[in-house]
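> below are the sequence and a predicted model; questions follow.
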Amino acid sequence: MRKLGILFVLGLVAVVSAVPTPAQSAVPVTLIKAGRLLDPRTGNILAPAAVLIEDNKIKEVGPPSQVRPAAPAGVKIIDLGSATLLPGLIDGHTHLFMDIVMPAEAERARHSNGGFVPGLLLAIVESPSKRVLLGARMAREDLESGITTVRNLGHSGIDGDTELRDAINAGRVPGPRILASGRKLDTRGETYVQNLNPALAEAILEQEFLFIDGADQARHAVRQNVFHNVDVIKVTAEENLTVPELGAAIEEAHRNHLKVAVHAVDKTSIQTAIESGADSIEHGDEVTHEQLKQMRDKGMFFDFTPTSYGDFFTKIFERTIAMSLELRPKRLESDERSRQRFDDLAQLLRSGAKFADESDERYDQQYNSLVQRVLKSGVKFAAGSDSSWFYPGKTRGETSVSRFPTLHEAGMQPLDVIRAITTNAAEMLGWQDRIGAIEPGKFADFVAVAGDPIADITELERVRFVMKNGEVVRNDFASH
Ligand SMILES: [Zn+2]
């Protein structure tokens, strides 16, 4: 009873202090001025541009001569000079709760039963609390690099991503808007699961997955995630997942107004995802011409994840495990060719040259062809970084954003790259009414770059101004 009394008094204090005094404006109003504003939908440039923000939403967009008079007296003005303003970036596929360091052979052997299972396991067996703190850091770093919304698709423990989302929304920690998937739905026959060390498997699986074992179990798995208040359902489809099982999961998700993102790489899994009515196909490496046509007709999204494009993994391995002699993986010493490769690598690194592996080049060629096929098909597309690796020398945000210009290297026009991580991504998430464009009614989420991102898409890697929800996260223009 005493506690209740105290709560009541606190409640009264809160109500009294929330009443604004006459001198205060009820809602903060901000005017942003920039040399240029890019509308990703049309490719049009507004120059010069102004955006009026009331509280956390966009009120008006137009030339400064038109917008300025609409602003109330005492409006806060942010002048970005000649910068180009864009909508905040959206990472359609990420893993905030993993920051994998390639483990040494001995460590890998301890956690796996034979197959190659990368450091995912190390991230997983750590304490859930430690992992959430990691997630909070990754979220902040993504935001500082201009990613104002992410779709987090698994590997975050039972409720890590839903809790981080709520903490960010409540203003307790900084970070992007998060669409949280909770645990991934998977089959026990999936390679990753099969490769776990049986001694650790149950503990790991409980944190990471909800199993699909028949249609009823699939529905149950979706409901378990719904209990944790997820925003999206993630399913990993491999060849052993059936259409009735995936179909049941999708039906249950849609009944709960949730979209379903399906990880599918090989042709069979992609077909299962298409026939089951997935909302987006993640990765999709082996998608065929015929499958792309089916996806287009059904309005499904293709979500590009150019994570390993270029020399991404080579760089990671060089800078972490491969260069550390005491941790040098046995894999590299096990045969003559590997030993040679390691020595070449070490020499190249010492000379400062760029190392290119044959397999990297082969992968890149396949990816170039994938990008061309998807673009030609007219299927809707977006992109995600699929970030989960620790990249030495870069923050998580820098690592994530560095993946997007690789789509241009693979043949995508800069405007389409920007669409893939703004307007298109917003539609894939089902949030096209809230984010992804700079127009009245949308959340005030922006980034600004010094140059022209259409002329040089790598400008995205040098974001100098970030605003999320009407609040400035970063403004490097302010110091000059
Ligand atoms: Zn992923």
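All right, it came through fine.

> please, which helix or strand holds residue 91?
Assigned by DSSP states H and E, residue 91 belongs to strand 89-94.

> convert the C-alpha atoms of that strand to PDB, please.
Output of strand 89-94 as PDB, limited to C-alpha atoms (Å, rounded to 0.1, in the frame of the first residue of the first chain):
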ATOM      1  CA  LEU A  89      20.000   4.800 -44.800                       C
ATOM      2  CA  ILE A  90      18.200   1.600 -44.200                       C
ATOM      3  CA  ASP A  91      20.100  -1.700 -43.800                       C
ATOM      4  CA  GLY A  92      17.600  -4.400 -44.800                       C
ATOM      5  CA  HIS A  93      19.600  -7.300 -43.400                       C
ATOM      6  CA  THR A  94      22.000  -7.200 -40.500                       C
END
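
> now the helices for the stretch 1-150 of the chain?
With DSSP state H, counting those that start in this stretch as the definition, the stretch 1-150 of the chain shows helices at residue ranges 2-18, 64-67, 105-111, 120-125, 128-144.

> ok, and the closest non-adjacent residue to residue 183?
Using Cβ to Cβ, 6 or more residues apart in numbering and skipping the chain neighbours, the partner closest in space to residue 183 is residue 210 (4.8 Å). Every C-beta, even on glycine, is put in place using the N, C-alpha and C of the backbone.

> I'd guess that neighbour is in a strand, am I close?
Yes. With DSSP: H, G, I helix; E, B strand; the rest coil as the criterion, residue 210 is located in a strand.

> list the contacts for it?
If you count contacts by Cβ atoms under 8 Å, 6 or more residues apart in numbering, residue 210 has them with 183, 184, 185, 186, 221, 224, 225.

> look at it and report its pLDDT.
The confidence metric pLDDT takes the value 95 at residue 210.

> returning to that earlier point: please enumerate residues in contact with the strand holding residue 91?
Applying Cβ under 8 Å, 6+ apart, the set of residues contacting strand 89-94 is 142, 146-153, 176, 261, 280, 282, 303, 305, 382-388, 400-401, 404, 420-422, 425-426, 428-429, 435-436, 447, 460, 463.

> narrow these to those in strands?
Here DSSP state E is the test, and these give 147-152, 261, 280, 282, 303, 382-383, 447 as lying in strands.

> of those, closest to residue 54?
Closest approach to residue 54 among the ones in strands among the contacts of strand 89-94 (Cβ to Cβ): residue 148, at 18.1 Å.

> my guess is the closest one contacts residue 465, does it?
No. With contact defined as Cβ atoms under 8 Å, residue 148 does not reach residue 465; the gap is 11.7 Å.

> who touches both of those two?
Here residue 148 and residue 465 share the contacting residues 446, 447, scored by Cβ under 8 Å, 6+ apart.

> returning to what we had before: just the buried ones from the contacts of strand 89-94?
When neighbours are counted using 16 or more other Cβ atoms under 10 Å, the contacts of strand 89-94 contain these buried positions: 142, 146-153, 176, 261, 280, 282, 303, 305, 382-388, 400-401, 404, 420-422, 425-426, 428-429, 435-436, 447, 460, 463.

> could you dump the ones in strands among the contacts of strand 89-94 into JSON lines with distance to residue 43 and pLDDT added?
Written out in JSON lines, the entries for those read as follows (distance: Cβ to Cβ, whole Å; pLDDT from 0 to 100):
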{"residue": "147", "distance to residue 43": "22", "pLDDT": "98"}
{"residue": "148", "distance to residue 43": "21", "pLDDT": "98"}
{"residue": "149", "distance to residue 43": "22", "pLDDT": "98"}
{"residue": "150", "distance to residue 43": "25", "pLDDT": "98"}
{"residue": "151", "distance to residue 43": "25", "pLDDT": "98"}
{"residue": "152", "distance to residue 43": "30", "pLDDT": "98"}
{"residue": "261", "distance to residue 43": "28", "pLDDT": "98"}
{"residue": "280", "distance to residue 43": "24", "pLDDT": "98"}
{"residue": "282", "distance to residue 43": "27", "pLDDT": "98"}
{"residue": "303", "distance to residue 43": "22", "pLDDT": "98"}
{"residue": "382", "distance to residue 43": "17", "pLDDT": "98"}
{"residue": "383", "distance to residue 43": "17", "pLDDT": "98"}
{"residue": "447", "distance to residue 43": "17", "pLDDT": "98"}
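
> now, among these, which is nearest to residue 309?
Distances from the ones in strands among the contacts of strand 89-94 to residue 309 were compared by Cβ to Cβ; the smallest belongs to residue 383, at 11.1 Å.

> where does the stretch 201-350 of the chain dip in pLDDT?
Applying pLDDT under 70 to the stretch 201-350 of the chain flags residues 317-350.

> quick one: the strands in it?
209-211, 232-236, 259-264, 280-283, 301-304 (DSSP state E, counting those that start in this stretch).

> let me have the ones you listed in JSON lines, adding distance to residue 131 as columns.
As requested, these are exported to JSON lines (distance: least, Cβ to Cβ, whole Å):
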{"stretch": "strand 209-211", "distance to residue 131": "15"}
{"stretch": "strand 232-236", "distance to residue 131": "17"}
{"stretch": "strand 259-264", "distance to residue 131": "21"}
{"stretch": "strand 280-283", "distance to residue 131": "22"}
{"stretch": "strand 301-304", "distance to residue 131": "24"}
